[in-house]
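*Asks:* Predicted structure and sequence below. I'll ask about it afterward.
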Amino acid sequence: MRNLMKALLASLAIALIVAAPVRAVTIDFVPAGPYAVTAGGTLSVDVVVSGLGGDIVSAYDLDVVYDPTVLTIGVPGVTFSVKLGDSSLFEALESVNSPAGGVLDFASVSLLSDADLLSLQGGSSVTLATLLFGVLQDATTALAFSWTTANDIKGAGNTVIFPTPEPGTLLLIAAGLAGAAMRRRVRA
């Protein structure tokens with residue numbers, strides 16, 4: 001029995017090593033921080049999704065955390081890319097909210113078909129928006145994404161494409177259950 005459990009754990013370990021994520025989609029700030037800023041100036045940063053391969057971005061809801069003692073949301077705070085459609089032509093719905101000091105929440109939902117989005121985006125990376133901040137004091141500062149269950153990026157067919165940790169997560173859960181079963185049998 002012990003050899004069977006060892007073989008099972010070894011198989012799970014190998015599966016974890018060779019299991020590739022569904023997609024290697026990343027989201028970044030361009031230019032990347034940290035940012036050396038000067039009082040009275042501005043900080044302009046693009047939010048870019050890359051590694052899409054042949055997929056598209058059809059909707060997103062993101063929160064960006066910043067230091068409110070250094071930065072303030074500029075005017076306009078968020079300039080949305082037309083890669084999800086032009087909101088002035090009712091091709092996309094856009095939202096900007098600052099629920100608390102130091103958090104900028106922005107979202108966009110395309111009303112275009114997946115085929116139209118593919119022709120607009122047509123590549124492995126898409127600029128979602130440009131963020132503009134006013135600078136309150138000289139400092140070196142950074143921006144970060146705040147991930148919650150409500151924040152995600154959706155692709156074709158409105159499926160979540162970022163983050164997508166399911167295969168690795170399922171294998172880790174299976175390995176944990178196998179280890180717990182093995183430990184229980186060893187004690188008995």
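*Replies:* Thanks, I have it.
*Asks:* Report the helix or strand with the lowest average pLDDT across the chain.
*Replies:* helix 2-18 (a mean of 56; mean pLDDT, DSSP states H and E).
*Asks:* which regions of the protein sit below the pLDDT cut-off?
*Replies:* Counting by pLDDT under 70, the low-confidence segments of the chain come to 1-23, 148-151, 158, 162-188.
*Asks:* tell me the domain boundaries of it?
*Replies:* 1-21+167-188, 24-164 (automatic domain parsing).
*Asks:* Mean neighbour count for those domains - can I get that in CSV?
*Replies:* In short, each C-beta sits where N, CA and C put it, glycine included. Formatted as CSV, the domains of the chain follow (neighbours: other Cβ atoms under 10 Å):
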stretch, mean neighbour count
domain 1-21+167-188, 12
domain 24-164, 16
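*Asks:* Quick check: next helix or strand after the least confident helix or strand of the chain?
*Replies:* strand 26-30 (DSSP states H and E).
*Asks:* ok, which stretches of the chain are strands?
*Replies:* With DSSP state E, the ranges of strands along the chain come out as 26-30, 35-37, 42-50, 59-65, 71-80, 92-97, 103-110, 125-135, 139-141, 144-145, 152-154, 160-162.
*Asks:* List the strands paired with the first one, with their directions.
*Replies:* By that I understand strand 26-30. Applying DSSP bridges, strand 26-30 is found paired with strand 42-50 (antiparallel).
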